[in-house]
Each structure stands twice: as C-alpha cells, then as structure tokens.
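*Asks:* coords please:
(one chain, ligands or ions: 2)
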Amino acid sequence: MNVLLVGGGGREHAIAWKLRQSKKMARLYIAPGNPGTAKIGTNVDISDTDLDGIVQFARNQQIDFAVIGPEDPLSAGLVDRLAAAGIRAFGPSKEAAQLEADKSFAKHIMRANSIPTAESRVFSDYEDAKAYIASRDEPVVIKASGLAKGKGVFVCEDPADGILAAEKIMVNRIFGSAGGKIIVEDKLLGQEVSILAFVDGRNIYVMESAQDHKPIGEGDTGPNTGGMGAYSPAPIVTDALMDQIIREILVPTVDGMNRNDTPYKGVLYAGLMITQGGPRVLEYNARFGDPETQPILMRMKGDLLEVMEAVCDGRLSEVEIQWDQRPAVCVVMASGGYPDAYEKGKKISGLDEAARMKDVMVFQAGTAYKDGHLVTAGGRALNVTAIGDTIAQAKARAYEAVDQIHFDGAYYRRDIADKALR
Ligand code: AMP
Ligand code: GLY
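*Replies:* Ligands and ions are numbered 1, 2, ... in the order given. Okay, here's the model as predicted:
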C-alpha cells in the first residue's frame, strides 16, 4: 500500500517508524515530515494545513491510505476531503474532531452522557466571564475553547489571576479566534494520565496507559507546554481503574458521539485527572498524543497499518495487539526559552551515537538541515525514548542517551518518570 502520513513532529516520526515495519507498506510519504521521517520515507513539501495540496498529492501519487497526525488538519476536515476523493484516511471527521477543537462541544457531550468531568461554565462574553470568576473564591481553570497548541489552559489559584487569564484569551486574543469562548471550570486535584484508544465508530481498543509532563519546569512548575516527556505504562492505572475508565468514560463518549450523529473514528485520547472521587475528563484529543505516542508505539508489537485499516473499516473487533511488557520513557529536549521565545538553528551533535544505543529511539520533532548540519528548528526539538526492564532502567537509559546529545541552550526536565517511581 502507498501511505501518506500528514504531520511533522516527534509523534509523526514515531508513527512513520512504526508504519514502516508493516508488511503491507509500499511507498511511505510524509507531509511535511522532518529530518527524522526523511530517513524512513519520502518527505513532501506540503504543509499539514494545505488541504488542497494534500488531496491533490494523494490523488496524483495513488495513495491508498492516509494517516493524519495533528489536530489542525483533522479539525479543518482533511479526512472528509480525502474520503470525498475516494481515499481512506485514518482520523475523525471534521465534526467528530470538534471533541478536541471545541472544548464547549466536548463539555456538551460529557454533560449529555453523564461523563465525569469538572463542573464548568462556558462564556462568550468577557464581562459575563469576569463577573462569574470574581464571584468565586476557589481556584479556577480558564480554558480557551478552541485549539491553542496545548497552551490554552490557565490553572489559577485565585479569581484575580482567573480574570487576567480570561482577559488575555478573550480581549487580547492571544490565541486568536480560539479565544472567542472560554470554559471556566473547577480545579481538580490528582494525578494526570493519558488514555489513548483506537475507535472504529463503535468498537474500542484501549492502548497501554501513559503519563505526560505538561509544565516546563521540574516538579511540574511553570507554564504548560505541548509536553516535556512521557512514560508508559502509568502505574497508577490499575486493571480495575482501567475498567472504570472504559465503562464511565470511553464507552459513553463513543456512544454519545453516535447519538449526536458525529460518530468517532480514529484515536480517541482522554486526558484524565485521577481524583479521590475517581477519574475525571480534563480534555479529549482527537489524535495520538505527543509525546505519549513515542513511548506507547515503542511498546506496541504488530502491524500499526493493519490496526489503522481496521479502524477505518469498522473491523476493530477482529484486531489483537500485543504489547512489550517493559516500560518506556521519553524525554523531550527543547530549545532554551521554550515555551516562550527561543532561538533556532543550533547545531545538534551526538544524535547518531544516542540513536545507536540498544533499546533507544531518538524521534525528531523541531529539527532541520542547514548547510548539511542537523539544527534545531522548533521548541521541542528531540524526543529521546528508551525501553527498560523497569521504569527506573528505562529512565536511566533515556537520560544516558540524552547526555550524548548536545546543542546550545538545550533544555530538558531531569525528573521525567519520577512520579512512576514513587
Ligand atoms: P487540557 O488542555 O484541557 O488538558 O489542559 C491542559 C492542562 O491543564 C492539563 O493537562 C492539566 O494539567 C491542567 N488542567 C486542565 N483542566 C484542569 C482542571 N479542571 N483542574 C486542574 N488542572 C487542569
Ligand atoms: N501530550 C498532550 C497532547 O498531545 O496534547
């Protein structure tokens, strides 16, 4: 099969690596890809949001199957556009992708289906929001309703901070039109986990659990990022808790999407807080998580392409996936300054040495070639991922690999996976 993978981050490098192992794979194209995916398939210089360009390319190159990585093309309707051109594509429709792209829609689905989540209200008027936030005396969480690259959420300890966040989002429009509406919700306490599942419209196949590290600083301090590291599995997710998550969250979500006439196909990612009262949904994503996908796919055995085809064809009940029982840990190496302004174009050395280590994969994200040298080209540059017999060993191996890699201003958290070790 000829496959087109859309996206260009560390997640897509990991997906490309896994897809390449499929016996069914013929040509693999990645649009736009990155220097990591260029070693696995053919990068195509088309932006992941250029829907016309992608559909035209897929037609011209006789693409049999497309896999959409990021949320932007999904919420813009790329899967629908490809389907209209007769090309099977892995991912939710535009309408179903609203589960991620419109948090007020997600809240509506949760409320209508009694799915546990934080109490919340939606506002499209700043003055109304301000008055409501001022009337509260507990911590509040303020969220831009639209897509904001994982940075649209402010956890505020007091109402004054909450009002400031609402002003930034709704008045100053720091996330553009994504801030036309906000969600004001109660702050939940607990550990976060990421549960990713393949969904074929009806059937659900849950992948191994994972945990992300959103804040930039060690000990989960500082502003949120796209994710600074991840590990899989998350020991907090026992079999009993996983059963509860499936029963109380995943099944009602998939059923609710059907009742809403927006059936869901693709990867459903539930970002959960495990509170004293049980699991609560913080958000849904309509795609593989980044960086959770890197450790999850390193543990997945078998043919990812076959699983994705089964999702598209509604045959997920026939699929059986084996998992490497050993844990995996992924450390994100970022450009100094991220998630604020940072410099690009820093020469990267030591990557090949790190990638040669046993049970280590260095997935590339924000990198580029300049004058024949691999350089940084984004905030999150590299995702160094390792498998080990224990979480401690996977962690040690990942950091051993990180220590081989150098670029000016490289920043990474030293405490990835510590929560799992406690
Ligand atoms: P989201 O994009 O909605 O997952 O939010 C990003 C991050 O903000 C989450 O991963 C949590 O760390 C935090 N967060 C979101 N909602 C809440 C909440 N209700 N209570 C506490 N933290 C939250
Ligand atoms: N790791 C969080 C996300 O993919 O949104």
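*Asks:* which ones are touching the residue of the stretch 251-400 of the chain found nearest ligand 1?
*Replies:* Per Cβ to the nearest ligand atom, residue 283 is where the stretch 251-400 of the chain lies closest to ligand 1, at 3.3 Å. C-betas here are computed from N, CA, C, even on glycine. With contacts defined as Cβ atoms under 8 Å, 6 or more residues apart in numbering, residue 283 is in contact with 100, 103, 106, 271.
*Asks:* what's the answer for residue 54, then?
*Replies:* Taking Cβ under 8 Å, 6+ apart as the criterion, residue 54 is in contact with 4, 6, 31, 46, 48, 66, 73, 78, 81-82.
*Asks:* mind listing what's buried in the helix or strand encompassing it?
*Replies:* Following DSSP states H and E, the helix or strand that holds residue 54 is helix 51-60. Neighbour counts using 16 or more other Cβ atoms under 10 Å place 51, 54-55, 57-58 of helix 51-60 among the buried residues.
*Asks:* Let me have those residues in JSON lines, extended by pLDDT and distance to ligand 1.
*Replies:* Shown next, in JSON lines, are these (pLDDT from 0 to 100; distance: Cβ to the nearest ligand atom, whole Å):
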{"residue": "51", "pLDDT": "98", "distance to ligand 1": "25"}
{"residue": "54", "pLDDT": "98", "distance to ligand 1": "26"}
{"residue": "55", "pLDDT": "98", "distance to ligand 1": "29"}
{"residue": "57", "pLDDT": "98", "distance to ligand 1": "31"}
{"residue": "58", "pLDDT": "98", "distance to ligand 1": "31"}
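*Asks:* how about the residues you listed in JSON lines, adding distance to residue 196?
*Replies:* Below are these laid out as JSON lines (distance: Cβ to Cβ, whole Å):
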{"residue": "51", "distance to residue 196": "25"}
{"residue": "54", "distance to residue 196": "24"}
{"residue": "55", "distance to residue 196": "27"}
{"residue": "57", "distance to residue 196": "28"}
{"residue": "58", "distance to residue 196": "25"}
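*Asks:* Against residue 15, how distant is the spatially most central residue of the chain?
*Replies:* For the chain, residue 289 is the residue whose C-alpha lies nearest the centre (Cα atoms, centre = their mean; 2.0 Å). When Cβ to Cβ, to the nearest Å is applied, the distance between residue 289 and residue 15 equals 12 Å.
*Asks:* what does residue 102 give?
*Replies:* 25 Å.
*Asks:* Looking at these two, which one has more neighbours?
*Replies:* Set side by side, residue 102 and residue 15 show unequal neighbour counts under other Cβ atoms under 10 Å, the larger going to residue 15 at 26 against 17.
*Asks:* Helix or strand next in line after the helix or strand of the chain with the lowest mean pLDDT, which one?
*Replies:* Comparing helices and strands within the chain by mean pLDDT, DSSP states H and E singles out strand 221-224 as the least confident, with a mean of 89. Using DSSP H and E, the helix or strand that follows strand 221-224 towards the C-terminus is strand 229-232.
*Asks:* Quick one: distance of that following strand to the chain centre.
*Replies:* Centroid separation for strand 229-232 versus its chain: 12 Å, with Cα atoms, centre = their mean, to the nearest Å.
*Asks:* Name the residues of this structure found near ligand 1, please.
*Replies:* 118, 141, 143, 150, 153, 155, 185, 187-188, 192, 214, 224, 271, 282-283 (Cβ under 6 Å from any ligand atom).
*Asks:* list the buried ones in the lengthiest helix in the chain?
*Replies:* Scanning the chain for the helix with the most residues, using DSSP state H, yields helix 391-404. By neighbour count, and taking 16+ other Cβ under 10 Å as the criterion, the buried residues in helix 391-404 are 391, 393-395, 397-399, 401-402, 404.
*Asks:* can you list contacts of the next helix or strand after it?
*Replies:* The element immediately downstream of helix 391-404 (helix or strand, assigned by DSSP H and E) is strand 410-411. Contact partners of strand 410-411, identified using Cβ under 8 Å, 6+ apart, comprise 333-338, 346, 381.
*Asks:* With stretch 249-257 instead?
*Replies:* Counting contacts by Cβ under 8 Å, 6+ apart, the residues outside stretch 249-257 that touch it are 96, 99, 109-110, 112-116, 195, 197, 199, 201-202, 204, 206, 263-264, 268, 270, 272, 279, 281, 284.
*Asks:* For it, output the C-alpha coordinates as CSV.
*Replies:* Output of stretch 249-257 as CSV, limited to C-alpha atoms (Å, rounded to 0.1, in the frame of the first residue of the first chain):
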residue,chain,number,x,y,z
ILE,A,249,-15.7,7.5,30.1
LEU,A,250,-14.7,5.8,26.9
VAL,A,251,-17.9,3.8,26.2
PRO,A,252,-20.2,6.7,27.0
THR,A,253,-18.1,9.0,24.9
VAL,A,254,-18.2,6.8,21.8
ASP,A,255,-21.9,6.1,22.3
GLY,A,256,-22.6,9.8,22.9
MET,A,257,-20.8,10.7,19.7
